[in-house]
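Colleague: Have a look at this fold, sequence not included:
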Ligand SMILES: [Cu+2]
């Protein structure tokens, strides 16, 4: 029996493992088998990686089908560890972007906003504050720290996107020095040339759902409200008392907080 493997053609490339992406959640729930295949089926993937290779009937951008609950609870400006599993390492660069809109409202333009690109938290000026993260040939499961934008709140959820551009077919030129890693950007993999178009190489996207409670973010029905009420109920209070106390704590300075404190 002969097994032939062609780089870029085999089913296996990489996925966002932590925070748990929608496609990885589907794998963990035994609803999907190709969590590492979000590369647009060889074309340009949509914001969450569709169509997945070999599974073009699945649409992980559709939250009504693939939202599996919130996988992270963030705070504004938090440093977040992101873990990627690579089943085939194509080299190239990765970036993380956060659309601070609820899961029904995400668009490509939202992820592309410069302020929605997360920046790395790393020792030394070479890496700290940069957007891009470059693969080493030995990488298989890798973790990197990124900082959420200051002031981000998304009480009803927001979507974190992983974006990987593989350099197996060609490489991209360096971005601005403020965003890119000197000495690692603009480097060929396997002698490949520079991309005349990003569509000449393989790209991946994955989406993970999280939420961020900010000041006065406890909107009725939001994930933040639920979190506050759960914490309150665990402290042994009645549900009505929890509801009002949570609002008072979240909205300390605002009109809602004053109103809720009166109720409490
Ligand atoms: Cu691949």
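Modeller: Arrived safely, thanks for sending. Just so you know, these numbers come straight off a predicted model, no measurement behind them.
Colleague: Model confidence score at the residue in the chain that the ion sits nearest to, please.
Modeller: Going by Cβ to the ion, the ion is nearest to residue 13 of the chain, at 3.4 Å. All C-beta spots, glycine's among them, are computed from the backbone N, C-alpha and C. Residue 13 carries a pLDDT value of 93.
Colleague: Surely it touches residue 86?
Modeller: Yes: under the criterion of Cβ atoms under 8 Å, residue 13 makes contact with residue 86 at 7.3 Å.
Colleague: Between these two, which has more neighbouring residues?
Modeller: residue 13 (24 against 19; other Cβ atoms under 10 Å).
Colleague: dump the residue contacts of the more buried one.
Modeller: 36, 37, 39, 86, 87, 88, 90, 166, 202, 204 (Cβ atoms under 8 Å, 6 or more residues apart in numbering).
Colleague: who are the neighbours in contact with residue 189?
Modeller: By Cβ under 8 Å, 6+ apart, the neighbours of residue 189 are 90, 91, 92, 167, 168, 171.
Colleague: 7 Å - rerun?
Modeller: 91, 92, 167, 168, 171 (Cβ atoms under 7 Å, 6 or more residues apart in numbering).
Colleague: Where does it fall, secondary structure wise?
Modeller: Residue 189 is part of no helix or strand, with elements assigned from DSSP states H and E.
Colleague: For the residue of the chain closest to the ion, give its distance to residue 170.
Modeller: Residue 13 sits at a distance of 16 Å from residue 170 (criterion: Cβ to Cβ, to the nearest Å).
Colleague: circling back to that earlier point, whichever of the contacts of residue 13 end up buried, select them in PyMOL.
Modeller: Here is the PyMOL selection string for the buried members of those, based on 16 or more other Cβ atoms under 10 Å:
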select buried, resi 36+37+39+86+88+90+166+202+204
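Colleague: In strands only, show me the contacts of residue 13.
Modeller: Counting by DSSP state E, the contacts of residue 13 place 86, 204 in strands.
Colleague: May I see the contacts of residue 13 arranged in TSV, with pLDDT and distance to residue 129 as well?
Modeller: Formatted as TSV, the contacts of residue 13 follow (pLDDT from 0 to 100; distance: Cβ to Cβ, whole Å):
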residue	pLDDT	distance to residue 129
36	97	29
37	96	32
39	97	28
86	97	24
87	94	30
88	93	30
90	94	26
166	96	24
202	95	27
204	98	24
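Colleague: Within reach of the ion, which of the contacts of residue 13 are there?
Modeller: Residues of those in contact with the ion (Cβ under 5 Å from the ion): residue 88.
Colleague: count of residues packed around the spatially closest residue to residue 50 that is not a sequence neighbour?
Modeller: Residue nearest to residue 50 in three dimensions, not counting chain neighbours: residue 59, with 5.3 Å by Cβ to Cβ, 6 or more residues apart in numbering. By other Cβ under 10 Å, 16 other residues sit near residue 59.
Colleague: measure residue 59 to residue 23 for me?
Modeller: 11 Å.
Colleague: same question, residue 40
Modeller: 13 Å.
Colleague: And for residue 160?
Modeller: 13 Å.
Colleague: Look at the two and report which has more neighbours.
Modeller: residue 23 (30 against 25).
Colleague: For the more buried one, give me its contacts.
Modeller: Residue 23 touches 15, 32, 35, 38, 49, 52, 60, 206, counting by Cβ under 7 Å, 6+ apart.
Colleague: I figured the fourth one was touching residue 203, is that so?
Modeller: Read it as residue 38. No: applying Cβ atoms under 7 Å, one finds residue 38 not in contact with residue 203, separated by 9.3 Å.
Colleague: which residues are common contacts for these two?
Modeller: With Cβ under 7 Å, 6+ apart as the test, residue 38 and residue 203 both reach residue 45.
Colleague: Between these two, tell me which one has more neighbours.
Modeller: residue 38 (33 against 18).
Colleague: Could you list the residues in contact with the helix or strand where residue 82 lies?
Modeller: When elements are assigned from DSSP H and E, residue 82 belongs to strand 79-86. Applying Cβ under 7 Å, 6+ apart, the contact partners of strand 79-86 are 14-18, 74, 94, 96, 121, 139-148, 162.
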